[in-house]
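Asker: Sequence unavailable; structure follows:
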């Protein structure tokens, strides 16, 4: 080797050593200066006579007239690359990023206000919620007749056909008879029985209702019974207004006839209500409110809480009724519907006569309150 070539290579090595600190400053990492390549690398370059292009062109490297020299070891080996943020440029322009740094949002829709980075440029973006026109319907949509068939057939003929359809289908008459409570009542020393049933016949709007209930003691005569005949008219999809008459039968007391005004239907949360006010031929005014609710445990096993209260506007001593709240009942019935129209049940019920009504009962030698265990049947057809 000539002395001139030796001096040239020595100058190249010195230039590389001077460029290493500048490279570290541009990398964004705090690191020590990289040592020069080992002698084995120089020997390889010497034997092949080839030199690699400097990958850090423009970062404080030797002037362009200096011959190419072998590249030093990558100072970023083992370092995790910084993720590229939107709006940033790569610190080493011209480097090809590794495959692991591919844009994670490729092919994702972006909002209109998000700036795009260099790697995101060229990705297709679409509006995920394109605006839908909300124009009103055209006037022609409501300009035709009420019934489209009238544009093809004679309107009078079609009006008669619609009335026939309403009469034969919408005006269909039907009926239902239900024994809501047919039960045996086991209580301390005085087992009893009770029935409570109702039925109706009519259409969707107007119906005739028949209601009856009564109770007595097993092995003894009937205590009391009543029957009501009511005209019922639907005033909402959920409630019927009812008006009619009621007749009571009491073997040990005076009978009474009443004028009845009431409401019956389905309240919010599926509470069944039956309310009525009664005015007797003697001018006595009383009222009754019944409420029950079907709680489905399964599709066939149903728990029914039930409550009933009776009120009076004045004392009626001959009937054993005192003014105000006179009687209340609260009970639970657990029934099993083998089919919807046949459901035996068991239950318990507490009945209490309060105020003057309780005093009248005690004067007659009766208990003001009692608890009954029930076995009964609910059925309809």
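Answerer: That came through, no problem. Just so we're clear, the structure is a prediction, and the values are computed from it rather than from any experiment.
Asker: same question for the strand or helix carrying residue 230, mean pLDDT?
Answerer: Per DSSP states H and E: residue 230 is located in strand 222-234. Average pLDDT, strand 222-234: 96.
Asker: So what are the sheet partners of that strand and their directions?
Answerer: Applying DSSP bridges, strand 222-234 is found paired with strand 206-217 (antiparallel), strand 239-249 (antiparallel).
Asker: And the helices in the protein?
Answerer: In the chain, the helices defined using DSSP state H lie at 3-27, 39-48, 155-165, 355-363.
Asker: Least confident of those, on average?
Answerer: Looking over the helices of the chain, mean pLDDT reaches its minimum on helix 39-48, with a mean of 43.
Asker: Poorly predicted segments of the stretch 201-350 of the chain, please.
Answerer: Along the stretch 201-350 of the chain, no part satisfies pLDDT under 70.
Asker: one step back: out of the strands paired with strand 222-234, which comes closest to residue 265?
Answerer: strand 239-249 (3.4 Å; Cβ to Cβ). Where C-beta positions appear, they are placed from N, C-alpha and C, glycine not excepted.
Asker: So for that closest one, what gets flagged as buried?
Answerer: Within strand 239-249, the residues scored as buried using 16 or more other Cβ atoms under 10 Å are 240-242, 244, 246, 248.
Asker: hang on, the earlier thing: distance to residue 321 for the strands paired with strand 222-234 - can I get that in CSV?
Answerer: Listed next are the strands paired with strand 222-234 as CSV, based on distance: least, Cβ to Cβ, whole Å:
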stretch, distance to residue 321
strand 206-217, 16
strand 239-249, 12
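Asker: thought residue 179 was touching residue 194?
Answerer: No - between residue 179 and residue 194 there is no contact under Cβ atoms under 8 Å: 11.1 Å.
Asker: residue ranges for the strands of this structure, please.
Answerer: 174-186, 192-202, 206-217, 222-234, 239-249, 257-267, 271-280, 285-293, 295-296, 301-312, 324-336, 342-353, 369-380 (DSSP state E).
Asker: neighbours of residue 351, just the number please.
Answerer: Using other Cβ atoms under 10 Å, residue 351 has 18 neighbouring residues.
Asker: May I have the beta-bridge partners of the closest residue in space to it that isn't next to it in sequence?
Answerer: In this structure, residue 351 finds its nearest non-sequential neighbour in residue 329, 4.7 Å apart by Cβ to Cβ, 6 or more residues apart in numbering. Taking DSSP bridges as the rule, residue 329 bridges to residue 308, residue 351.
Asker: what's the neighbour count on residue 329?
Answerer: Residue 329: 15 surrounding residues under other Cβ under 10 Å.
Asker: Contacts for stretch 337-344 next, please.
Answerer: Contact with stretch 337-344 is made by 300-302, 335-336, 375-381, as judged by Cβ atoms under 8 Å, 6 or more residues apart in numbering.
Asker: ugh, wrong one, stretch 197-213
Answerer: 170-182, 194-196, 225-234, 240, 242, 244, 264.
Asker: Just the buried residues of that stretch, please?
Answerer: Buried positions in stretch 197-213, judged by neighbour count with 16+ other Cβ under 10 Å: 197-200, 202, 207, 209, 211-213.
Asker: Just put those in JSON lines and tack on distance to residue 363.
Answerer: JSON lines is the format used below for the buried residues of stretch 197-213 (distance: Cβ to Cβ, whole Å):
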{"residue": "197", "distance to residue 363": "32"}
{"residue": "198", "distance to residue 363": "34"}
{"residue": "199", "distance to residue 363": "38"}
{"residue": "200", "distance to residue 363": "40"}
{"residue": "202", "distance to residue 363": "45"}
{"residue": "207", "distance to residue 363": "42"}
{"residue": "209", "distance to residue 363": "36"}
{"residue": "211", "distance to residue 363": "31"}
{"residue": "212", "distance to residue 363": "29"}
{"residue": "213", "distance to residue 363": "25"}
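Asker: Phi and psi next, for the closest residue in space to residue 300 that isn't next to it in sequence.
Answerer: For residue 300, ignoring the flanking residues on the chain, the nearest one in space by Cβ to Cβ, 6+ apart is residue 337 at 4.9 Å. The phi/psi pair for residue 337 (degrees, to the nearest 10) reads phi -90, psi 100.
Asker: what bridges to the nearest residue to residue 195 once chain neighbours are set aside?
Answerer: Residue nearest to residue 195 in three dimensions, not counting chain neighbours: residue 182, with 5.5 Å by Cβ to Cβ, 6+ apart. Legend: beta-bridge partners of residue 182 under DSSP bridges are residue 195, residue 377.
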